[in-house]
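J.: Give me the fold of what follows.
(one chain, ligands or ions: 1)
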Amino acid sequence: MAMWNPWRGCKKISEGCLHCYIHKGDAKRGVDTNLIVKTKDFEKPIERLKNGNYKVKSGIVYTCFSTDFLIEEADEWRNDCWKIIAERQDCTFLFLTKRIDRFIRCIPDDWGDGYENVVVCCTIENQSNADYKLEIFSRLPIKHKCITAQPLLERVDIEKYLDDIELVVVGGESDYNARPLDFSWVLDIRDQCIRKNVSFEFRQLGTNFIKDGKAYRLKTKDLCSQARKADINYSTKKLW
Ligand code: SF4
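T.: This next block holds a predicted model:
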């Protein structure tokens, strides 16, 4: 597993961005997140060691986890990234995006039905952006699709969009002023996934967590481990 951030910086675009951890972290360091700049790691997946082997080993490469792969400001750089992705057929490049409505403008000429080694995760937070984004997502030529509902802000019905989805990830918000995550919303999405035989992962609770009508304040460090303890993941097959 490797991380690859060919550029850094991002702009808030939806309700889910309100407590973006990238913006929070940059603010502490006095960095302007709204400035999108290339990083020194731009060619990281094709950099080689002295012995000729790639520095980045085969496997999953988490791409643009401190930005958005489809952000407009990176349009002039993205084609070079696609070339790098095409070269590394031994790696699976996974990125999340809140800009799925830009996808079709961002693909390379030889995309066809999609690259086998690319997983695209469309993020949603509420019913209105789920309906808008997932309707678009369902029509896109992508070989591996997943949905990330994090931070989930309300109960959502996404069942009709699950036909070609391989995984749904759900999680709450981590912030002092986090909006609530109700466990019943999580279980509701899980039920939808099971009915459609789609893998489901409960990634993290929220710092403002509601279960059986009772509100809990949780520590950020416990959010992922508590989700694992809930033991509600549902797996249909080995992914990527
Ligand atoms: S799209 Fe993602 S990285 Fe960009 S501001 Fe929103 S939450 Fe942050």
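J.: dump the residue contacts of residue 236.
T.: Shown in contact with residue 236 (CB atoms under 8 Å, 6 or more residues apart in numbering): 197-199. (Glycine included, C-beta is placed from N, CA and C.)
J.: Name the helix or strand for the most centrally placed residue in the chain, please.
T.: Residue closest to the mean C-alpha point of the chain, counted by CA atoms, centre = their mean, is residue 96 at 3.0 Å. Here residue 96 sits within strand 91-97, counting by DSSP states H and E.
J.: other SSEs contacting that strand?
T.: Applying 3 or more CB pairs under 8 Å, 6 or more residues apart in numbering; DSSP states H and E, we find strand 91-97 packed against strand 59-63, strand 118-124.
J.: Give me whichever of those strands is most buried.
T.: strand 118-124 (a mean of 24; mean count of other CB atoms under 10 Å).
J.: Next secondary structure after that one?
T.: Taking DSSP H and E as the definition, the helix or strand right after strand 118-124 is helix 127-138.
J.: and that next one, which residues are buried?
T.: Buried residues in helix 127-138, counted by 16 or more other CB atoms under 10 Å: 129-131, 133-134, 137.
J.: repeat for stretch 94-110
T.: For stretch 94-110, burial by neighbour count (16+ other CB under 10 Å) applies to 94-100, 102-103, 106-107.
J.: now it: how far from the chain's centre is it?
T.: Computed by CA atoms, centre = their mean, to the nearest Å, the separation of stretch 94-110 from the middle of its chain amounts to 13 Å.
J.: is any part of it close to the ligand?
T.: Yes: judged by CB under 6 Å from any ligand atom, stretch 94-110 comes into contact with the ligand at residue 98.
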